[in-house]
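Participant: Need the 3D shape of this:
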Amino acid sequence: MKTAIISDIHSNIEALEAVFARIDRDGYDRVVCLGDVVGYGADPDPCCDLLRTRDVPTLLGNHDAAVTGAMDESYYYQGARQAVQWTRNHLSDENYRWLYALPYTRIEADVGFYHSAPVMPSGFFYVVQPTEAQAHAQVLDRLRPVSFIGHAHLTLVFALTSSRVGQVDPGEIRLDGETRYIVNVGSVGQPRDRDPRACFAVWDHDAGQVEFVRVEYDVESAASKIMAAGLDEKFAKRLFKGV
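Facilitator: From the prediction side, this is the model:
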């Protein structure tokens, strides 16, 4: 079985539609979304509608939590806070309730799905440095062999045991019973790894392998909508550079 794992859509319907077109073309068995459906972009309702129409299991991201009041919006800087408030005013009641009810985690036999650091899902901590991955040594026995996370908008894989941690390539995952892996799956709608293409991950359950997939989409249209909505122009400009 192959699972397509998407995250950090951030109200970018152009990117989300392009990713689903690729997923449908390649015929993966299912899709899981790690959250941050909204925020930054100008199409929160269409993104929610598409995920709900396709019945995609979806987790609660920090921007989703801020929009629905489950997280204090004062945590955000002015531009992001404005986007939170704008999004709240441009969501249907139905989509607002859907976001509010999303869970923090999804745990299965061989994998765990989270928006952010598994050690404390509701804290929305990042895992982009080895020290942040090493913090999970204290809960190593509670982690599934592979944990998929979003939040950082980067593509990173950490391998950790009780005594060591290191960053590895996705092709170096080895399910040996002792090592645990934390995989940052990148971002659909706001990539920040200097590649502006939409990104998602594919987990091959049988082979025990991860692949990162990049997809071209209409960046110009997504950026134009952000500007027209009066949101921070930085959210539009960064789409062209993936930063």
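
Participant: Report the contact partners of Trp203.
Facilitator: Applying C-beta atoms under 8 Å, 6 or more residues apart in numbering, we find Trp203 in contact with 2-3, 5, 111, 146, 148, 209-210. Every residue, glycine included, has its C-beta placed from N, CA and C.

Participant: That one in helix, strand or coil?
Facilitator: Put simply, Trp203 is strand when judged by DSSP: H, G, I helix; E, B strand; the rest coil.

Participant: looking at this, Val32 is in a strand?
Facilitator: Yes - using three-state DSSP, the assignment for Val32 is a strand.

Participant: Can you check the pLDDT for it?
Facilitator: Confidence at Val32, expressed as pLDDT, is 98.

Participant: Pull up the gap between it and Arg144, please.
Facilitator: Val32 is 13 Å from Arg144, where distance means C-beta to C-beta, to the nearest Å.

Participant: When the two are compared, which one has more neighbours?
Facilitator: Set side by side, Val32 and Arg144 show more neighbours around Val32, with 21 against 16, by other C-beta atoms under 10 Å.

Participant: so who does that one touch?
Facilitator: 3-6, 56-58, 106, 113, 148.

Participant: Quick check: the gap between it and Ile23.
Facilitator: 11 Å.

Participant: what residues do these two have in common as contacts?
Facilitator: Ala4.

Participant: circling back to that earlier point, list buried residues within the contacts of Val32.
Facilitator: Buried members of the contacts of Val32, scored by 16 or more other C-beta atoms under 10 Å, are 3-6, 56, 58, 106, 113, 148.

Participant: ok, which stretches of the protein are helices?
Facilitator: 13-26, 44-53, 62-68, 78-88, 93-100, 130-134, 219-228, 233-237 (DSSP state H).

Participant: Distance from the chain centre to the fourth one, please.
Facilitator: Right, helix 78-88. 19 Å (C-alpha atoms, centre = their mean, to the nearest Å).

Participant: and it, what does it pack onto?
Facilitator: Secondary-structure packing of helix 78-88 (3 or more C-beta pairs under 8 Å, 6 or more residues apart in numbering; DSSP states H and E): helix 62-68, helix 233-237.

Participant: List the contacts of Ala4.
Facilitator: Ala4 is in contact with 23, 28, 30-32, 200-202, 213, counting by C-beta under 8 Å, 6+ apart.

Participant: List only those of those residues flagged as buried.
Facilitator: 23, 28, 31-32, 200-202, 213.

Participant: and these, which two are the farthest apart?
Facilitator: Val32 and Val213 (14.3 Å; C-beta to C-beta).

Participant: quick one: furthest residue from the center of the chain?
Facilitator: Ser163 (28.3 Å; C-alpha atoms, centre = their mean).

Participant: Please report how far that residue lies from Glu178.
Facilitator: According to C-beta to C-beta, Ser163 stands 10 Å off from Glu178.

Participant: Asp204 and Glu211 touch, don't they?
Facilitator: Yes - using C-beta atoms under 8 Å, Asp204 is in contact with Glu211, at 7.4 Å.

Participant: Run a quick check on Asp206 versus Thr3, I expect a contact.
Facilitator: No - with contact defined as C-beta under 8 Å, Asp206 does not count as touching Thr3 (11.2 Å).

Participant: so what's Leu91 closest to, chain neighbours aside?
Facilitator: Spatial nearest neighbour of Leu91, excluding adjacent residues (C-beta to C-beta, 6 or more residues apart in numbering): Pro44 at 5.4 Å.

Participant: show me the contacts for the one you found.
Facilitator: 11, 37-38, 67, 87, 90-91, 95.

Participant: try 7 Å this time
Facilitator: 11, 38, 87, 90-91 (C-beta atoms under 7 Å, 6 or more residues apart in numbering).
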